[in-house]
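Engineer: Next come a sequence and a model predicted from it.
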Amino acid sequence: MPELPEVETICRSLAPHITGKVLAGVEVHAPKLRRPLPTAAELRAVTGQRITALERRAKYLIWHLDGGGALIIHLGMSGQLCFHHGPHPAELHTHVIFHFQEGGQLHFRDPRRFGSLDLAAPGELAGLPMLCELGVEPLSSAFTAEYFRERLGATRRVVKTVIMDQRVVVGVGNIYANEALFQAGIHPLRPGQSLSPAEGEALQLAIICVLGKAVERGGTTLSDYRNADGEPGFFQLDLAVYGREVEPCPRCGGQIVRLRHEGRSSYLCEACQK
DNA sequence: AAACGCGCCTGCGGGC
DNA sequence: TGCCCGCAGGCGCGTT
């Protein structure tokens, strides 16, 4: 489900509810999601700790704890985090419930169980393999035209695969990859090194533009995505091509087509994207 | 190195 | 009505 704009929106909507609060307990209702969940003993070690800050890195949500450690959540394809001010029954597929001393509880649901919950000991966070191999943040100053051109020029991999590679640039998933390629007028199956410098720059700017606008819209709600307050996003209204097979291209009126590559769907306008 | 296929899971919609 | 199939926002593994 969630790509950068959705995780960013969840982070922003969740932060006011739990920043500064003390973890009173963590209920775990499943043995594992993508990976085994932390053990009861590991979770006891973080109860009583205060959450000092929330941060999004790539598609990960990181809770910094006053003991120096951290809690890391990934929402996979179908993960939801919903904050409740009072008691709330565990719904179907609610796997983890966080309780706070000051009141309120946070429910982590994930029907498909591709998400994850990990703990990092003090000093361990930066060295975690899932974090330290990540590429640049697309909405940061590190995502420059020079950097992107260099990464594109060094590979024959198809450009859509490159922009979805979290080691190159983080946070771009299937929806926003399709949208950025459309906006830049680039065919998703072009080899990375076939892009001219101007095309590379157009794509870099399109990624920034699409992600930025999607964050402004609170993310894309196709079916079940909600922020921490249970509200949907609205960027689905701005999608030009994703999920719009057979519909007219918003630019030329031609028909949007779907093709499959590496097990995933790409949506594009063959007239506008070369 | 990188391109695939596949597995991990559940749910939904379409076709028959 | 019900069943089967394909498909879905992610990621990491194994094999060529």
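Structural biologist: Perfect, thanks for sending it.

Engineer: make it CA atoms for all contacts and neighbour counts henceforth
Structural biologist: Noted.

Engineer: surely residue A:177 meets residue A:160?
Structural biologist: Yes: using CA atoms under 8 Å, residue A:177 is in contact with residue A:160, at 6.5 Å.

Engineer: So which of these two has more stuff around it?
Structural biologist: Higher neighbour count among residue A:177 and residue A:160: residue A:177, with 27 against 24, using other CA atoms under 10 Å.

Engineer: pretty sure the more buried one is in a strand, no?
Structural biologist: No: checked against DSSP: H, G, I helix; E, B strand; the rest coil, residue A:177 lies outside a strand; its state is helix.

Engineer: Check whether the helix or strand containing residue A:55 comes near DNA strand C.
Structural biologist: Using DSSP states H and E, the element containing residue A:55 is strand A:51-57. No: using CA under 7 Å from any atom of the strand, strand A:51-57 stays clear of DNA strand C, coming no nearer than 10.0 Å.

Engineer: Can you name the next helix or strand after that strand?
Structural biologist: As assigned by DSSP H and E, the chain's next helix or strand after strand A:51-57 is strand A:60-65.

Engineer: between that following strand and strand A:51-57, how many degrees?
Structural biologist: 160 degrees (axes from the mean of the first three to the mean of the last three CA atoms, to 10 degrees).

Engineer: and strand A:60-65, how far from the chain's centre?
Structural biologist: Chain-centre distance of strand A:60-65: 14 Å, with CA atoms, centre = their mean, to the nearest Å.

Engineer: And for stretch A:121-139?
Structural biologist: Worked out by CA atoms, centre = their mean, stretch A:121-139 lies 15 Å from the chain centre.

Engineer: For that stretch, list every residue counted as buried.
Structural biologist: A:125, A:134-139 (16 or more other CA atoms under 10 Å).

Engineer: Just the local confidence number for whichever residue of the stretch 101-250 of chain A sits closest to DNA strand C, please.
Structural biologist: Closest to DNA strand C within the stretch 101-250 of chain A is residue A:173: 3.2 Å, counting by CA to the nearest atom of the strand. Predicted confidence (pLDDT) for residue A:173: 96.

Engineer: Might one say that it is in contact with residue A:166?
Structural biologist: No: proximity of residue A:173 to residue A:166 does not meet the contact threshold set by CA under 8 Å, at 9.1 Å.

Engineer: so what's the backbone phi/psi at the nearest residue in space to residue A:75 that is not next to it in sequence?
Structural biologist: Excluding the flanking residues, the one nearest residue A:75 by CA to CA, 6 or more residues apart in numbering is residue A:115, at 4.4 Å. The phi/psi pair for residue A:115 (degrees, to the nearest 10) reads phi -80, psi -180.

Engineer: distance of residue A:115 from residue A:79?
Structural biologist: 6 Å (CA to CA, to the nearest Å).

Engineer: Which parts of the stretch 51-200 of chain A are strands?
Structural biologist: For the stretch 51-200 of chain A, applying DSSP state E, counting those that start in this stretch gives strands covering A:51-57, A:60-65, A:70-74, A:80-84, A:94-100, A:105-109, A:116-120.

Engineer: Generate CSV for these, with mean pLDDT and mean neighbour count as supplementary columns.
Structural biologist: Below are the strands of the stretch 51-200 of chain A laid out as CSV (pLDDT from 0 to 100; neighbours: other CA atoms under 10 Å):
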stretch, mean pLDDT, mean neighbour count
strand A:51-57, 98, 18
strand A:60-65, 98, 23
strand A:70-74, 98, 21
strand A:80-84, 98, 22
strand A:94-100, 98, 20
strand A:105-109, 98, 23
strand A:116-120, 97, 19
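
Engineer: now, which of the buried residues of stretch A:121-139 sits nearest residue A:245?
Structural biologist: residue A:138 (27.4 Å; CA to CA).

Engineer: quick one, phi/psi of that closest one?
Structural biologist: The phi/psi pair for residue A:138 (degrees, to the nearest 10) is phi -70, psi -20.

Engineer: burial measure for whatever residue of the stretch 101-250 of chain A ends up closest to DNA strand B, as a count.
Structural biologist: Using CA to the nearest atom of the strand, residue A:157 is the residue of the stretch 101-250 of chain A that sits closest to DNA strand B, at 3.2 Å. Residue A:157 has 16 neighbours, counted by other CA under 10 Å.

Engineer: my guess is it contacts residue A:192, does it?
Structural biologist: Yes: look at residue A:157 against residue A:192 with CA under 8 Å: they come within range, at 5.8 Å.
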